[in-house]
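**Student:** Need coordinates for the below:
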Amino acid sequence: MGDSESNNPESSSAQETIAFYYLKTPDYRIVHVDGAIGGVTPQGNIQVSVYAEHAAIPQKAVFHVTEDGALGDEIVDQRVARDGLIREMSVSLVMTETATREFIEFLNRKLEDLSNIKRVAAEARDAVQSKRVQDPR
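**Tutor:** Reported below is the predicted structural model:
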């Protein structure tokens, strides 16, 4: 499939094809990822748990109530919250070695795409700046 003939519709050899349909499960969601932790399972798979990092949110907050019944200022010394940061685990991926290598290749391709997009954007920005310097109307 990697050679140039496989992409040529006029190639004399018949080519087999397969179609993949992408469906979203009911629990499909987008997950923000700040980092990951994981290891090798006893079955020889790779397990990666991803997390989002954020400040701890209060477990409890107490507020004054104004005379007209509106919410007033928080009584900060009555706030109950954890110290430090939270690493909220969202999902764990369990992959075979082959799937892990394919996932790494996919990510590397996307990083290359991102690098190219940033390069083109920087070149366009530089061209606009250069034009402003030459023609400062």
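**Student:** Give me the buried positions along stretch 46-62.
**Tutor:** Using 16 or more other Cβ atoms under 10 Å as the test for burial, stretch 46-62 gives 46, 48-51. For glycine as for every other residue, the C-beta is placed from the backbone atoms N, C-alpha and C.
**Student:** Show me the helices in this structure, by range?
**Tutor:** Ranges of helices in the chain, per DSSP state H, are 97-134.
**Student:** And for it, the residue most distant from the center?
**Tutor:** If you look at how far each residue of the chain sits from its centre, by Cα atoms, centre = their mean, the farthest one is E67, at 46.6 Å.
**Student:** Before we move on, what's the pLDDT of it?
**Tutor:** With respect to pLDDT, E67 scores 95.
**Student:** Ok, S4 next?
**Tutor:** Note on S4: pLDDT of 43.
**Student:** just for this structure, where's the confidence low?
**Tutor:** 1-13, 135-137 (pLDDT under 70).
**Student:** Check the gap between G84 and M95 for me.
**Tutor:** According to Cβ to Cβ, to the nearest Å, G84 and M95 sit 31 Å apart.
**Student:** These two: who's more crowded?
**Tutor:** Shown here are G84 and M95; by other Cβ atoms under 10 Å, M95 has more neighbours (17 against 8).
**Student:** Among the buried residues of stretch 46-62, which ones are in strands?
**Tutor:** 46, 48-51 (DSSP state E).
**Student:** Pull the most distant pair out of those.
**Tutor:** I46 and Y51 (16.6 Å; Cβ to Cβ).
**Student:** so which of the buried residues of stretch 46-62 comes closest to A99?
**Tutor:** Closest to A99 out of those is I46 (8.2 Å), distances taken as Cβ to Cβ.
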